[in-house]
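Colleague: I would like the atomic coordinates for the input below:
(chains A, B and C)
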Amino acid sequence: KGRQTGGMPSSRHVVAQTTVDSSELAERLATDAVERRLAACVQITPVTSVYRWKDGVQREAEFLLSLKTTASQVRGLRAFLEQEHPYDEPEFLVLPVIEGSDSYLRWIDESTGTS
Amino acid sequence: KGRQTGGMPSSRHVVAQTTVDSSELAERLATDAVERRLAACVQITPVTSVYRWKDGVQREAEFLLSLKTTASQVRGLRAFLEQEHPYDEPEFLVLPVIEGSDSYLRWIDESTGTS
Amino acid sequence: KGRQTGGMPSSRHVVAQTTVDSSELAERLATDAVERRLAACVQITPVTSVYRWKDGVQREAEFLLSLKTTASQVRGLRAFLEQEHPYDEPEFLVLPVIEGSDSYLRWIDESTGTS
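Modeller: Alright, predicted model coming up:
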């Protein structure tokens, strides 16, 4: 279901991103994702989104979720968001992590049940 | 004009970043970039910036623009920002996207006129 | 001490991330990192963090630091944060930059003393 976007080798740890339009929903999705071990940690940031929709430009207050997880959890995380996310076309982007401290990366692995 | 910063293959979708010092300017640049199809979506985040300038350390309230676009629009986006951005030395950084949902990546392609 | 997280070639410029639980500490760490030339620029964003800790899910207001620097400063930056950061298990993640404007990347090089 997911699409690779280039020839770049994937990294073992990643930051996945999505947005929602309420802080309550942002916190609920974040809590559920962490409880299901689909992410070790989620940071929620209030943003103003400007985007193209049906030939016009829209402006909306949103909440960006940055989910720290492992590459092996991305498929499950995407399936979870496709199920739970209320938008027709939710954002789902994955950014690579190239390095980190040993202990923090190990904590991500343990928190997501990735050995 | 742009510089590659490593040996890493580029990805087909990217997140470009710049900062400005007012929310009005942030929204104007975001709207113009989306109208010109240089980005599909822009998220604006209020940040505190701390940076080196002329041998001292400065602190300033700024607004970070994260522009979701395709690699093929990066050159045009950079030219647009070099023209419109009021700073002498604006931030312009591009982060790779390694994966995303099919439909969201397709929406980025369509919104930027990238086939 | 640091761990590479995949087979991806590293980029010459990077965005490093950590979080702290007070804005005062965020600004102090940011200022110190810039003064020591471990980063050219730091953006501080208030976030809500949701994460796994000791079998439960925690929620906390935090401040995300995004440090723009060169790959060659990452080791020193990590050592600085391991020394100064008050958490047992601080976040330390490094995201690659694949492109930027010539002059902004040169400014990062000069501000960090990287030739």
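Colleague: across the sheet, point out what pairs with the residue in chain A positioned nearest to chain C.
Modeller: With C-beta to the nearest C-beta as the measure, residue A:11 is the residue of chain A nearest to chain C, at 3.4 Å. Every residue, glycine included, has its C-beta placed from N, CA and C. Here residue A:11 sits in beta bridges with residue C:6, going by DSSP bridges.
Colleague: what's the pLDDT at the closest residue to residue A:25 other than its chain neighbours?
Modeller: Leaving out its chain neighbours, the residue that sits closest to residue A:25 by C-beta to C-beta, 6 or more residues apart in numbering or on different chains is residue A:86, at 7.1 Å. Here, the pLDDT recorded for residue A:86 equals 88.
Colleague: okay, buried residues for stretch A:33-46 please.
Modeller: For stretch A:33-46, a neighbour-count test (16 or more other C-beta atoms under 10 Å in any protein chain shown) marks A:33-34, A:37-46 as buried.
Colleague: max pairwise distance over those residues: which two?
Modeller: A:37 and A:46 (26.2 Å; C-beta to C-beta).
Colleague: from residue A:67, how far out is the residue of chain A closest to chain C?
Modeller: 15 Å (C-beta to C-beta, to the nearest Å).
Colleague: please apply the same query to residue A:100.
Modeller: In terms of C-beta to C-beta, residue A:100 sits 15 Å off from residue A:67.
Colleague: for chain A, which residues are neighbours of chain C?
Modeller: Contact residues, chain A versus chain C (C-beta under 8 Å from any C-beta of the partner chain): A:8-13, A:15, A:23, A:26-27, A:30-31, A:34-35, A:37, A:40-45, A:68, A:71, A:95-105, A:107, A:111.
Colleague: pLDDT score for residue A:114?
Modeller: Confidence score, pLDDT, at residue A:114: 79.
Colleague: quick one: distance of the lengthiest strand in chain A to the chain centre.
Modeller: Longest strand in chain A, counting residues (DSSP state E): strand A:56-70. In this view, strand A:56-70 has its centroid 9 Å away from the chain centroid, taken as C-alpha atoms, centre = their mean, to the nearest Å.
Colleague: so is that strand next to chain B?
Modeller: Yes - among the residues of strand A:56-70, A:57, A:59, A:62, A:64 lie within reach of chain B under C-beta under 8 Å from any C-beta.
Colleague: out of the residues of chain A next to chain C, list just those in strands.
Modeller: Those of the residues of chain A next to chain C lying in strands (DSSP E): A:13, A:15, A:41-45, A:68, A:95-96, A:99-101.
Colleague: now flag whichever of these is closest to chain B.
Modeller: Nearest member of these to chain B, counting by C-beta to the nearest C-beta, is residue A:96, at 4.9 Å.
Colleague: and for that closest one, the neighbour number?
Modeller: 26 (other C-beta atoms under 10 Å in any protein chain shown).
Colleague: these two touch, right, it and residue A:12?
Modeller: No - the criterion here is C-beta atoms under 8 Å, and residue A:96 misses it with residue A:12 at 9.2 Å.
Colleague: show me what contacts residue A:45?
Modeller: Contacts for residue A:45 (C-beta atoms under 8 Å, 6 or more residues apart in numbering or on different chains) come out as A:63-64, A:66, B:45, C:45-47, C:64.
Colleague: buried only: go through the residues of strand A:56-70 next to chain B for me.
Modeller: A:62, A:64.
Colleague: farthest-separated two in the residues of strand A:56-70 next to chain B?
Modeller: Among the residues of strand A:56-70 next to chain B, A:57 and A:64 lie farthest apart (C-beta to C-beta), at 18.9 Å.
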